[in-house]
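Student: Below are the sequence and a predicted model; questions follow.
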Amino acid sequence: MELSPFIIFLAAIFTSNILLTNFLGMCSFLSVSKEVESSLGLGFAVVFVMTLTTALNYVVYHFILVPLDIIYLQYIIFIIVIAAFVQLTEMIIERFSPLLYYSLGIFLPLITVNCAILGVSLFMIIRDYAFLQSVAYGAGSGLGWLLAILALAGIRQKVKVKFVPAGLVGAGLSLIITGIMALAFVGFSGIVVIQ
Amino acid sequence: MKIKEIFVTSAFTQNSVWKQILGICSALAVTNLMMNSLVMGLGVIFTLALSGFTISLIRNFIPKRIRMMVQTLIIASYVIIVDLFLKANYPEISKSLGPYVGLIITNCIIMGRAEAFAGKNSPFESIIDGIGAGVGYTLVLLVIAFVRELFGFGTLFGFQIMGDWWTKWSIMVMAPSAFFMLSILIWIINTPKKQVG
């Protein structure tokens, strides 16, 4: 059955959240989620880059890699596309909107190594999505990631002043919070399945 | 530095997963089965050792500004080798690992070791450091997978361990338990030891 892009979009946010069910993008998720504001900045940067690189990688894969029969180079090509895109965005934002650059730009270099971005492109190939489905999947995954990091940042600000066992301070506690969040998101599963 | 010292430092005392909290994406994703974890670990060891070696060899020729890009490309080339090898020889495992083999490229451990060690030390030392970091990573994966597979499926490496009386804990197979297991592991290891006497 062909899934409509809208369903994929919703599923990518809730039932198959890229972070809570596929564990992608954990590194920056844990290190940036100390404050709500910076989480929001990084989150929006991820939504933007993820949506557009997924679209770009779809075009590159189906119109360059497949006809030339060099699919085995997909990892290298995808990484180059993502890195080049991020670099380009950074330059454009810096040139036209210095204000946006200071709130968003500092997060852009972090994104090249965010495995969620590459992960979404790879999932798109494995699941054999069409163009619109891929874009919807990219945008949904980005929003899902934003949602997760915002929630974690909000909770972390609350527990900052509470007593926590010494061994759990920092990453340990964040992982437990994320686990509980993942548990809550399991509640959404069964509504739609896109795996 | 002595070889043994380099190995122990990168594998245990400065373990990437529990000390630096790097590379946990895949540490969480593939640990529902021991076999997947082992294969993933070997892939990471291979990539770490050889990319460390290569980056260290050419460390004096890479212009500083495009350093990251060059490192990523070197890492990606080795990951392609791992991926093709798995696809050719172990198609089943390759399929169940899905995109996570490709995601070794963005595994922060590899970039981390390249930046912190291979860029400053000799090729031979970098291999040892890479193997050390990889072994440390694999150990974490295996410990988590041991618990998750045993309780979740009642098996280890696919062999039935628990009898028919065992009720499978399906939560262990699902995503949340991966977060809980890793945090418990970090908790145990990072708890400060009580001073004796």
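Tutor: Received it, and whenever you're ready, just let me know what you need.
Student: what helix or strand is residue A:38 on?
Tutor: Using DSSP states H and E, residue A:38 sits within helix A:36-60.
Student: What's the first helix or strand after that helix?
Tutor: Moving toward the C-terminus from helix A:36-60, the first helix or strand encountered (DSSP H and E) is helix A:66-68.
Student: Mind listing what's buried along that following helix?
Tutor: Residues of helix A:66-68 include none that count as buried (16 or more other C-beta atoms under 10 Å in any protein chain shown). Glycine gets a C-beta too; all of them are placed from N, C-alpha and C.
Student: model confidence over it, on average?
Tutor: On average, the pLDDT along helix A:66-68 is 88.
Student: The helix holding residue A:38 near chain B at all?
Tutor: No: Helix A:36-60 is not in contact with chain B by C-beta under 8 Å from any C-beta of the partner chain; minimum separation 12.2 Å.
Student: And that helix, what does it pack against?
Tutor: Counting contacts by 3 or more C-beta pairs under 8 Å, 6 or more residues apart in numbering or on different chains; DSSP states H and E, helix A:36-60 is packed against helix A:26-32, helix A:74-96, helix A:98-104, helix A:108-112, helix A:115-126, helix A:131-159.
Student: got the angle for that helix vs helix A:131-159?
Tutor: Helix A:36-60 runs at 160 degrees relative to helix A:131-159, counting by axes from the mean of the first three to the mean of the last three C-alpha atoms, to 10 degrees.
Student: which stretches of chain A have low pLDDT?
Tutor: Residue ranges of chain A with pLDDT under 70: A:1, A:103-106, A:192-195.
Student: With the flanking residues excluded, which residue is spatially nearest to residue B:51?
Tutor: Of all residues not flanking residue B:51 in the chain, residue B:75 sits nearest, at 4.8 Å (C-beta to C-beta, 6 or more residues apart in numbering or on different chains).
Student: Quick check, that neighbour in contact with residue B:114.
Tutor: Yes: Residue B:75 lies in contact with residue B:114 (C-beta atoms under 8 Å); the separation is 7.4 Å.
Student: Can you check which residues contact both of the two?
Tutor: Common neighbours of residue B:75 and residue B:114, counting by C-beta atoms under 8 Å, 6 or more residues apart in numbering or on different chains, are residue B:51.
Student: tell me the SS of residue B:19?
Tutor: Following DSSP: H, G, I helix; E, B strand; the rest coil, we place residue B:19 in the coil state.
Student: Tell me who's in contact with it.
Tutor: Each residue near residue B:19 by C-beta under 8 Å, 6+ apart is listed here: residue B:13.
Student: and if we set it to 6 Å?
Tutor: Residues in contact with residue B:19 (C-beta atoms under 6 Å, 6 or more residues apart in numbering or on different chains): none are found.
Student: And for residue A:143?
Tutor: Contacts of residue A:143 by C-beta under 6 Å, 6+ apart are A:13, A:47.
Student: Roughly how far does the nearest residue in space to residue B:103 that is not next to it in sequence sit from residue A:29?
Tutor: Spatially, and ignoring its direct neighbours in sequence, residue B:103 is nearest to residue A:115 (5.1 Å; C-beta to C-beta, 6+ apart). Using C-beta to C-beta, to the nearest Å, residue A:115 is found at 10 Å from residue A:29.
Student: Compare the two (neighbour count), which wins?
Tutor: A count of neighbours by other C-beta atoms under 10 Å in any protein chain shown puts residue A:115 above the other of residue A:115 and residue A:29, at 29 against 26.
Student: mind checking the SS state of the residue of chain A positioned farthest from its centre?
Tutor: Centroid-distance maximum for chain A: residue A:163 at 31.4 Å, with C-alpha atoms, centre = their mean. Judged by three-state DSSP, the three-state class of residue A:163 is coil.
Student: For chain B, see how far away it is.
Tutor: Distance, residue A:163 to chain B, by C-beta to the nearest C-beta, to the nearest Å: 15 Å.
Student: could you list every residue that touches that residue?
Tutor: By C-beta under 6 Å, 6+ apart, the contact set of residue A:163 is empty.
Student: which stretches of chain B form strands?
Tutor: B:155-156, B:159-160 (DSSP state E).
Student: Just name the most buried of those.
Tutor: Greatest average neighbour count among the strands of chain B goes to strand B:155-156 (a mean of 16), per mean count of other C-beta atoms under 10 Å in any protein chain shown.
Student: Sheet partners, orientation included, of that strand?
Tutor: strand B:159-160 (antiparallel) (DSSP bridges).
Student: chain center to the strand it pairs with, what's the gap?
Tutor: On the basis of C-alpha atoms, centre = their mean, to the nearest Å, strand B:159-160 sits 25 Å off its chain's mean C-alpha point.
Student: contact partners of that strand?
Tutor: Nothing outside strand B:159-160 qualifies as a contact, by C-beta under 6 Å, 6+ apart.
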